[in-house]
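J.: no letters, just coordinates:
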């Protein structure tokens, strides 16, 4: 009888330990998914600002149609990649697609801003100044949200790779999550344009 009680106690302890590990992993996964949702909100705000920026610039840069089209194309690609990443936050393929699309958008915006620098009337346009301030503020919010996301992913990945969690994580469907980091220094450089 005592042996049966000891065996039952061991089984209860094992089941409670497995439940605890599972609940911890669920909480950490939800945390990084919520952190990605914050990035998603800021990226959507950024994507919404870009058409207004292009419309403001369009009148001044009539001979630079290719640059404007490149910005819109890059925005649409980034928006599509963001939607796919939002459907599967942490998924390596989705996150890599988003990283590439964001790098393309940053490059296209950089070319647009460099071109806009040579138009003094555009630099003085109040709508352009306001849009640039909003875009700069949004970029800062994206950076903070990206940092929060990466911190959450790091905690999640550490939990899934730590013993004894590692024994249960993969069989329970907890895969490694991908960080949202910028791959090289050229992509890290945010376009810095001063309209004053």
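T.: Thanks, I have it. Every value quoted in this text rests on a predicted model; they were computed, and no experiment measured them.
J.: any low-confidence regions in the protein?
T.: Within the chain, the ranges that satisfy pLDDT under 70 run 183-196.
J.: can you pull up the most central residue in it?
T.: When CA atoms, centre = their mean is applied to the chain, the residue found nearest the centroid is residue 39 (4.8 Å).
J.: what is the neighbour count of the residue nearest to that residue when sequence neighbours are not counted?
T.: What sits nearest to residue 39 in space, not counting adjacent residues and going by CB to CB, 6 or more residues apart in numbering, is residue 145, at 4.3 Å. Placement of C-beta: from N, CA and C, glycine included. Residue 145 is flanked by 20 other residues according to other CB atoms under 10 Å.
J.: picking that back up, from residue 116, how far out is the residue nearest to the centre of the chain?
T.: Noted for residue 39: a distance of 27 Å to residue 116, by CB to CB, to the nearest Å.
J.: and if you look at residue 171?
T.: Applying CB to CB to residue 171 and residue 116 gives a distance of 54 Å.
J.: who's more crowded, these two?
T.: Neighbour count, other CB under 10 Å: between residue 171 and residue 116, residue 116 has more, with 22 against 7.
J.: wouldn't that one be in contact with residue 60 here?
T.: Yes: using CB atoms under 8 Å, residue 116 is in contact with residue 60, at 7.4 Å.
J.: what do the two both touch?
T.: Common contact partners of residue 116 and residue 60 (CB atoms under 8 Å, 6 or more residues apart in numbering): residue 122.
J.: show me which helix runs longest in this protein.
T.: Counting residues, the longest helix found in the chain (DSSP state H) is helix 2-58.
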